[in-house]
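Enquirer: no sequence for this one, just the structure:
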């Protein structure tokens, strides 16, 4: 299929410049701070740990930085939205960074991807229509396609450079853009959701962005209201929702917004990702009013599915039904803050 | 009470030089690699991320490094066993490093400490006699003292400099060394266990060391045999057991050794620690033959205890009964490797 900028239900999507919806969890570091590792890294600037290493500094996690050794720089460029870099690392395979922040590592990023997909899709029977916001490399799409019931996936990525990187360096992922069930839209995800047909999707996966800077509105009430409207009754959304170690104040605000909008259920889950700051990432899981969704007890155990054997897909590496349930168990300090 | 070098059951403990048993999870970086952050950090050597930052390089996690910003250096010295450094960090409070590896951070280390204590002690009724190997700063001891049933705690720390740092910078922890139930031994933990009275302890907590270099034998069969002998029937041991992201081959070996020695039950658990490499750490939990220990279903829910209210102890920040149970839930890749 071809990349289009028009939604199949007729809504015209235009590419905007507000920087929303790239692959992974952040395009959002346009927050006034300098994130120039990407451009200056190989020049040995003071922001890299030492020559040949990538260091992840950000105002979002002041006072700490994760660094990985670069084996080979594969791509470095500036898109209309952000700095995009891909390098082969010494121990984590290919590493994608946007505006100097790690979005995905081949050998360490799979918990994030498996959980952001299977926490929501494992919680509803027979997912058929799914919207992915962000995820232009294709990791998220890859996981959604494990479900044999899928009929339609819209994936909305704002940055065509990210998709180009996928086509060049992750052809096994980009191949899924050609799946007849898949429509890849290059455009703004928030606008896309707002224009979507009411009640259309079984699930929406928001694979992008921290709630500061240009992506701020993705975590605010109008966006969540558009998401709720685009979901069928008893439909589910999963959004990236930060680290309990770094951003509890943001998490509390997201939860407060979601509780106002989603009349089914609202839960916070988390998992470990070795290559994200503080080693963890959270998710908001919400459902609309309608058939009850019990997120803590998945009805759709993909880990017990043997489809991957037939289709030659690799089995899941991280997710299983017990991990799904455990993702909702919070440490005491987080539980008391989140449930208060 | 005074610090002694003689065990109360009469075994003489001598201070050895093999470097075992300091506070925290590693004294073990004497593995042939250079770990000189401690000494050269403030001189701006190439191993620090930039001036005023501490960077944690190690052959144990090649190709990656975690860095924290230093606000103030509090202590730096070389003991008979290792480089010891304590600094005030920008965001994690006081940070203790040994041989260039982070052992504890005040604001990020508590999951490690709470779990290494309450996973074993929460799994048995009425813990009375406990041995701590390592833990000379006193975090582990602090948590053990939450149990009102405690009658006797032996804590064996090899490095008197670590204890000195505790007395100077963590007086609220060092105060517990004076508790009449506590005996602080400056000496080698492996030798201490070997000489301990058979069947004496309800629980042994091994708060130290990776299984390479001088601490290698702490993860091998003779040490585990000495631990099993020192435990009562149905007694429990909890040892630090590495990251599933970094050291699965080591974990498999520890488990194989424990399965040979401990005839009650043998389990691997894990938790998140934001200031440890890859953001997680694991524990081996084993019991000796005798009254059954069901580690996955704690019988001693300290999180529901209100003793801390009466004693003015701060409540637990991380551990609760649900977190205890979830600690045994493993990602698919780890489960298949560990259970095979």
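Expert: It's in. The structure displayed is predicted, hence computed values, not measured ones.

Enquirer: in chain A, what residue comes closest to chain B?
Expert: residue A:279 (1.4 Å; C-beta to the nearest C-beta). (C-beta placed from N, C-alpha, C; glycine too.)

Enquirer: so where does residue A:66 fall, helix or strand?
Expert: Secondary structure assigned from DSSP states H and E places residue A:66 in strand A:64-78.

Enquirer: now do residue A:336
Expert: Element membership for residue A:336, per DSSP H and E: helix A:332-339.

Enquirer: what are the buried residues along that helix?
Expert: For helix A:332-339, a neighbour-count test (16 or more other C-beta atoms under 10 Å in any protein chain shown) marks A:332-335, A:337-338 as buried.

Enquirer: that one near chain B anywhere?
Expert: Yes. Using C-beta under 8 Å from any C-beta of the partner chain, helix A:332-339 reaches chain B at A:332-333, A:335.

Enquirer: tell me which element residue A:102 falls in.
Expert: Assessed by DSSP H and E, residue A:102 sits inside strand A:101-105.

Enquirer: that strand packs against which elements?
Expert: Judged by 3 or more C-beta pairs under 8 Å, 6 or more residues apart in numbering or on different chains; DSSP states H and E, strand A:101-105 is in contact with strand A:64-78, strand A:94-98.

Enquirer: what average pLDDT does it get?
Expert: For strand A:101-105, the mean per-residue pLDDT is 93.

Enquirer: what does the stretch 51-200 of chain A put close to chain B?
Expert: Counting by C-beta under 8 Å from any C-beta, the positions of the stretch 51-200 of chain A adjacent to chain B are A:53, A:55, A:62-69, A:89-92, A:108, A:111.

Enquirer: same thing but 6 Å
Expert: Within the stretch 51-200 of chain A, the positions near chain B by C-beta under 6 Å from any C-beta of the partner chain are A:63-69, A:90-91.

Enquirer: which of those residues tops the neighbour count?
Expert: Tallying neighbours with other C-beta atoms under 10 Å in any protein chain shown puts residue A:64 at the head of these, with 26 neighbours.

Enquirer: mind listing what it touches?
Expert: residue B:68 (C-beta atoms under 6 Å, 6 or more residues apart in numbering or on different chains).

Enquirer: which residues does it bridge with?
Expert: As for beta bridges, residue A:64 partners with residue B:68 under DSSP bridges.

Enquirer: return the distance of it relative to residue A:135.
Expert: 27 Å (C-beta to C-beta, to the nearest Å).

Enquirer: residue A:330 now?
Expert: For residue A:330 relative to residue A:135 (C-beta to C-beta), the value is 26 Å.

Enquirer: more neighbours, the two?
Expert: Taking other C-beta under 10 Å, residue A:330 and residue A:135 do not tie; residue A:135 has more neighbours (32 against 22).

Enquirer: chain neighbours aside, what residue packs nearest to that one?
Expert: residue A:207 (4.2 Å; C-beta to C-beta, 6 or more residues apart in numbering or on different chains).

Enquirer: could you pull up the residues touching the one you found?
Expert: Contacts of residue A:207 by C-beta under 6 Å, 6+ apart are A:116, A:134-135, A:140.

Enquirer: what is the burial count for the closest residue to residue A:243 other than its chain neighbours?
Expert: Leaving aside its chain neighbours, residue A:243 sits nearest to residue A:278 (4.7 Å; criterion: C-beta to C-beta, 6+ apart). Residue neighbour count, defined by other C-beta under 10 Å, stands at 23 for residue A:278.

Enquirer: with the one 5 residues further on instead?
Expert: Counted with other C-beta under 10 Å, the neighbours of residue A:283 add up to 25.

Enquirer: name the element it belongs to?
Expert: Using DSSP H and E, residue A:283 maps to strand A:280-287.

Enquirer: list the neighbours of that strand that are in contact with it.
Expert: Contacting residues not belonging to strand A:280-287 are listed as A:112, A:119, A:236-239, A:241-243, A:254, A:258, A:262, A:264-270, A:272-273, A:293, A:295, B:272 [C-beta under 6 Å, 6+ apart].

Enquirer: list the buried residues for the longest helix seen in chain A?
Expert: For chain A, the helix that runs over the most residues, judged by DSSP state H, is helix A:248-261. Across helix A:248-261, burial judged by 16+ other C-beta under 10 Å covers A:248, A:250-251, A:254-255, A:257-258, A:261.

Enquirer: following that helix, which helix or strand shows up next?
Expert: Counting by DSSP H and E, the next helix or strand C-terminal to helix A:248-261 is strand A:265-272.

Enquirer: pairing partners for that following strand, with directions?
Expert: With DSSP bridges as the test, strand A:265-272 pairs up with strand A:280-287 (antiparallel).

Enquirer: just want the angle from the partner strand to helix A:332-339.
Expert: 30 degrees (axes from the mean of the first three to the mean of the last three C-alpha atoms, to 10 degrees).

Enquirer: middle-most residue in chain A, spatially?
Expert: residue A:207 (1.9 Å; C-alpha atoms, centre = their mean).

Enquirer: any idea what that residue is bridged to?
Expert: Under the criterion used (DSSP bridges), residue A:207 bridges to residue A:134.

Enquirer: how close does it get to residue A:102?
Expert: 14 Å.

Enquirer: pull up the distance across stretch A:89-97, start to finish.
Expert: Terminal residues of stretch A:89-97 are spaced 12 Å apart (C-alpha to C-alpha, to the nearest Å).

Enquirer: contacts for that stretch next, please.
Expert: By C-beta under 6 Å, 6+ apart, stretch A:89-97 touches A:38, A:68-69, A:71, A:85-88, A:103-108, A:275, B:63.

Enquirer: where in the stretch 151-300 of chain A is pLDDT low?
Expert: Applying pLDDT under 70 to the stretch 151-300 of chain A flags residues A:209-217.

Enquirer: could I get the full set of strands for it?
Expert: Here the stretch 151-300 of chain A has its strands, by DSSP state E, counting those that start in this stretch, at A:152-157, A:182-186, A:201-207, A:231-240, A:265-272, A:280-287.

Enquirer: gap between the first one and the chain center?
Expert: Pointing back at strand A:152-157 there. Distance of strand A:152-157 from the chain centroid (C-alpha atoms, centre = their mean, to the nearest Å) equals 13 Å.

Enquirer: who does that strand pair up with?
Expert: Strand A:152-157 has these strand partners (DSSP bridges): strand A:129-134 (parallel), strand A:182-186 (parallel).

Enquirer: distance-wise, check the residue nearest to residue A:268 when sequence neighbours are not counted relative to residue A:331.
Expert: Closest residue in space to residue A:268, ignoring its immediate chain neighbours: residue A:338 at 5.5 Å, by C-beta to C-beta, 6+ apart. Here residue A:338 is placed at a distance of 10 Å from residue A:331 (C-beta to C-beta).

Enquirer: dump the residue contacts of residue A:323.
Expert: Per C-beta under 6 Å, 6+ apart, neighbours of residue A:323: B:329, B:331.

Enquirer: er, residue A:63 I mean
Expert: Contact analysis of residue A:63 by C-beta under 6 Å, 6+ apart lists B:69, B:90-91.
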